[in-house]
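Engineer: quick one, what's the 3D model for this:
(2 chains)
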Protein chains: 2
Amino acid sequence: MIHILASFKVKNDKLSNFISLCNELIEESRKEKGCISYHLQQNTEKENHLVFVEEWESNEAIEQHNASRHFTRIVPLLVEMCESAPIIQTFNKLV
Amino acid sequence: MIHILASFKVKNDKLSNFISLCNELIEESRKEKGCISYHLQQNTEKENHLVFVEEWESNEAIEQHNASRHFTRIVPLLVEMCESAPIIQTFNKLV
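Structural biologist: Residues are numbered from 1 along each chain as shown, chains lettered A, B, ... in the order given. Next up is the predicted model:
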């Protein structure tokens, strides 16, 4: 199982639009083969700091996700609404 | 539900000891009231970058966790084994 943490610092005036698009992305992503879970979390102290917390069955599933129509359409729009480049990190569960 | 991401950059020669202590911390923390899940994840590209991914029922449960005997004993030892101060962030699930 592979975990992804994808962290976004959203421009304050774009926050509502950003979250709406995330809802679309999540709805489609959860239907994908190999997607175990896919959530959006908001930092309790910085409302413009949003993190996708994702679990995938394999690297192959992540590659298919990254090439999917919803991902390639929506993610560039999300990035445009950010103050800085997102930070995407992948993890293996140790414990 | 409150989520915590607690990120540690561990000194390379301390990694094995760090993970052993994390196992103790996780075993005790999972027994606590209000702990929904508590995992340790390792960055696939930087083996010394470890992140606790936690889910708690409430802020009260987190306060009790932070005051628990295992937390107050083990976490300072973990911090000593790191290159820099850990980054602890709390989140609410949006989607």
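Engineer: quick one: residues contacting the closest residue in space to A:A61 that isn't next to it in sequence.
Structural biologist: Leaving aside its chain neighbours, A:A61 sits nearest to A:G34 (2.5 Å; criterion: C-beta to C-beta, 6 or more residues apart in numbering or on different chains). Where C-beta positions appear, they are placed from N, C-alpha and C, glycine not excepted. A:G34 sits next to A:W56, A:E57, A:S58, A:E60, A:A61, A:I62, A:Q64, A:H65 when contact means C-beta atoms under 8 Å, 6 or more residues apart in numbering or on different chains.
Engineer: same thing but 10 Å
Structural biologist: A:1-2, A:55-65 (C-beta atoms under 10 Å, 6 or more residues apart in numbering or on different chains).
Engineer: also A:F91?
Structural biologist: A:1-5, A:55, B:39-45, B:49-51, B:53.
Engineer: at 8 Å what do you get?
Structural biologist: Counting by C-beta under 8 Å, 6+ apart, A:F91 makes contact with A:I2, A:H3, A:I4, A:L5, B:Q41, B:Q42, B:N43, B:T44, B:V51.
Engineer: likewise for A:A6?
Structural biologist: A:V51, A:F52, A:E54, A:P86, A:I87, A:I88, A:Q89.
Engineer: is it correct that it falls within a helix?
Structural biologist: No - with DSSP: H, G, I helix; E, B strand; the rest coil as the criterion, A:A6 is strand rather than part of a helix.
Engineer: which helix runs longest in chain A?
Structural biologist: Assignment by DSSP state H gives helix A:15-29 as the longest helix of chain A.
Engineer: list the contacts of that helix.
Structural biologist: A:8, A:10, A:35, A:38-40, A:47-48, A:50, A:52, A:54, A:65, A:68, A:70-71, A:74-75, A:77-78, A:81, B:94-95.
Engineer: mind checking which of those residues are in strands?
Structural biologist: A:F8, A:C35, A:Y38, A:H39, A:L40, A:L50, A:F52, A:E54 (DSSP state E).
Engineer: surely A:V10 touches A:N48?
Structural biologist: Yes - assessed by C-beta atoms under 8 Å, A:V10 is found in contact with A:N48 at 4.5 Å.
Engineer: who touches both of these two?
Structural biologist: Contacts common to A:V10 and A:N48, judged by C-beta under 8 Å, 6+ apart, are A:E83.
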